[in-house]
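Visitor: Return atomic coordinates for the entry below.
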Amino acid sequence: MTPVKKTTKKAKPATSAAKAEKTEKKEKAEKIEKAKPEKIETESAEKIEEAESKKTKRYFEVVGRRKTATARVRLFTIRPFEGEEGKVSVNGRFYKIYFPLVDLQQTVEASLRKLKSLNRFEIEAKVDGGGIRAQAEAIRHGIARALVKFNPDFRKKLKRAGYLKRDPRMKERKKYGLKKARKAPQWAKR
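Guide: Residues are numbered from 1 along each chain as shown. Now for the predicted structure:
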């Protein structure tokens, strides 16, 4: 047996009103299609301009780590600006907003303050993993490494302060038969 193909016929609009609706829909669709590329072109042009401005800026990119936190730090060289506050952004937000505690803010600034160059650099950091303190220390480690990449003469001061060494302290792994790394379940005589 050979399969029989069924053909379906589309119903043609019977009235002129239906034809008018169909042409209106086509015109609306054409207008929308014409409007979209202009909007996309302007948006893409803005993105290209931002990308080009970032490309023209010279930067040093380094990875800083602490525990399970990893920070990708970009150090941009800029002219010194007024004020003590540095231009540091973490995950797209200003570092004082991302790290609300003063202690953590000082940790992030530490390597720049050591060299008295808080207002000479613009820093962008993308950080993930770990807790908030580990993230702050990972950024400090990344900034210190970027500064050494920028100028090898900074190495001596930063190394003496201990900012170049990746802090090796990590949480010890849990062992089987124990509740944590070393904590044993309560011992019962009977």
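
Visitor: Identify the residues contacting the closest residue to Phe94 other than its chain neighbours.
Guide: Excluding the flanking residues, the one nearest Phe94 by C-beta to C-beta, 6 or more residues apart in numbering is Val88, at 7.4 Å. Placement of C-beta: from N, CA and C, glycine included. Contact analysis of Val88 by C-beta atoms under 8 Å, 6 or more residues apart in numbering lists 94-95, 108-109, 122-123, 125.

Visitor: Try it again at 7 Å.
Guide: Applying C-beta atoms under 7 Å, 6 or more residues apart in numbering to Val88 gives the contacts 95, 108, 123.

Visitor: In three-state terms, how would the second one be classified?
Guide: In the three-state summary, Val108 is assigned as helix, counting by DSSP: H, G, I helix; E, B strand; the rest coil.

Visitor: where does it land on pLDDT?
Guide: With respect to pLDDT, Val108 scores 95.

Visitor: Check Lys12 too.
Guide: 55.

Visitor: same deal with Glu41?
Guide: For Glu41, pLDDT reads 54.

Visitor: quick check, Arg169 in a strand?
Guide: No. Under three-state DSSP, Arg169 falls outside any strand and is assigned coil.

Visitor: Neighbours of it, how many?
Guide: Neighbour count for Arg169, taken as other C-beta atoms under 10 Å: 7.

Visitor: picking up where we left off before, note down every partner strand of the host helix or strand of the residue nearest to Phe94 and its orientation.
Guide: Secondary structure assignment for Val88, by DSSP states H and E: strand 87-90. With DSSP bridges as the test, strand 87-90 is paired with strand 93-94 (antiparallel), strand 121-128 (parallel).

Visitor: For Leu147, see how far away Asn91 is.
Guide: Applying C-beta to C-beta, to the nearest Å, the value for Asn91 to Leu147 is 21 Å.
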